[in-house]
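# Below are the sequence and a predicted model; questions follow.
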Amino acid sequence: MAQIQALILIPLIIEEENFELVTPKEAGLPLWRRILRGGRMIKRKVSTLVVNAGMRTFYKLDSVPSVFEKVTLPIIVQGKERVISLVVTKVTPPPYRNPSRPFIIRTAFDLGFLGSVWKYAQRGGVALA
C-alpha cells in the first residue's frame, strides 16, 4: 500500500502577561498597607497576550485520517522520544491539478496529553522526530 505525504499542523498556544509598575495609591491599597510597603512600586497586570504559534511537520501516513480521528506522532522532548496524541479537526486534500502536493491536516490536542510535556512545549522546547 502506498503511503501518502501529509503536512500536519500542531497547535501551540503561548500566553504572555504584560505588567506595569504603579504607585500603591494608584493600585488602590489602603493607607495602612501603603505605609507598610514604604512607597515601593507595585506590578499591576495590564493585559494578557495570546499567540497561536503552531508547528508544522511532514509525515508519511498509510491512509488519510478522517475528522475526529486520533493521530499519534513521535516527538523528541528533552532528548527523549515520546508520542503525542492529536485529534484531527480538518483535512484538506491536495489540489486536483497537482496531486503530488501533501494533504494538510489540522489537529487539536487530545485531553490525554501529558501536562509536563505541554508546559515544556509552550516554552519552545519541542523538536519533532
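Done, it's in. Values in this document were obtained by computation on a predicted structure and should not be read as measured data.

# partner residues bridging residue 22?
Counting by DSSP bridges, residue 22 is bridged to residue 42.

# burial measure for it, as a count.
Using other C-beta atoms under 10 Å, residue 22 is surrounded by 14 other residues. In short, each C-beta sits where N, CA and C put it, glycine included.

# okay but it is in contact with residue 45, surely?
No. Look at residue 22 against residue 45 with C-beta atoms under 8 Å: they stay out of range, at 10.8 Å.

# by contact count, what packs against the longest strand anywhere in the chain?
Counting residues, the longest strand found in the chain (DSSP state E) is strand 80-92. Judged by 3 or more C-beta pairs under 8 Å, 6 or more residues apart in numbering; DSSP states H and E, strand 80-92 is in contact with strand 4-10, strand 70-77, strand 103-109.

# Return the set of buried residues in the first one.
Applying a neighbour-count criterion of 16 or more other C-beta atoms under 10 Å, the buried positions in strand 4-10 are 6-10.

# Give me the sheet partners of it and which way each runs.
strand 55-61 (antiparallel), strand 103-109 (parallel).

# what angle sits between it and strand 80-92?
Using axes from the mean of the first three to the mean of the last three C-alpha atoms, to 10 degrees, the direction of strand 4-10 lies 100 degrees away from that of strand 80-92.

# the inter-axis angle of strand 4-10 versus strand 70-77?
70 degrees.

# ok, and which of the strands paired with strand 4-10 has the densest surroundings?
strand 103-109 (a mean of 18; mean count of other C-beta atoms under 10 Å).

# Convert it to CSV, retaining C-alpha atoms only.
What follows is strand 103-109, C-alpha atoms only, in CSV (Å, rounded to 0.1, in the frame of the first residue of the first chain):
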residue,chain,number,x,y,z
PHE,A,103,-2.6,16.6,2.4
ILE,A,104,-3.0,19.4,5.0
ILE,A,105,-4.2,18.0,8.3
ARG,A,106,-5.2,20.4,11.1
THR,A,107,-5.2,19.0,14.6
ALA,A,108,-6.0,19.7,18.2
PHE,A,109,-4.5,18.2,21.3
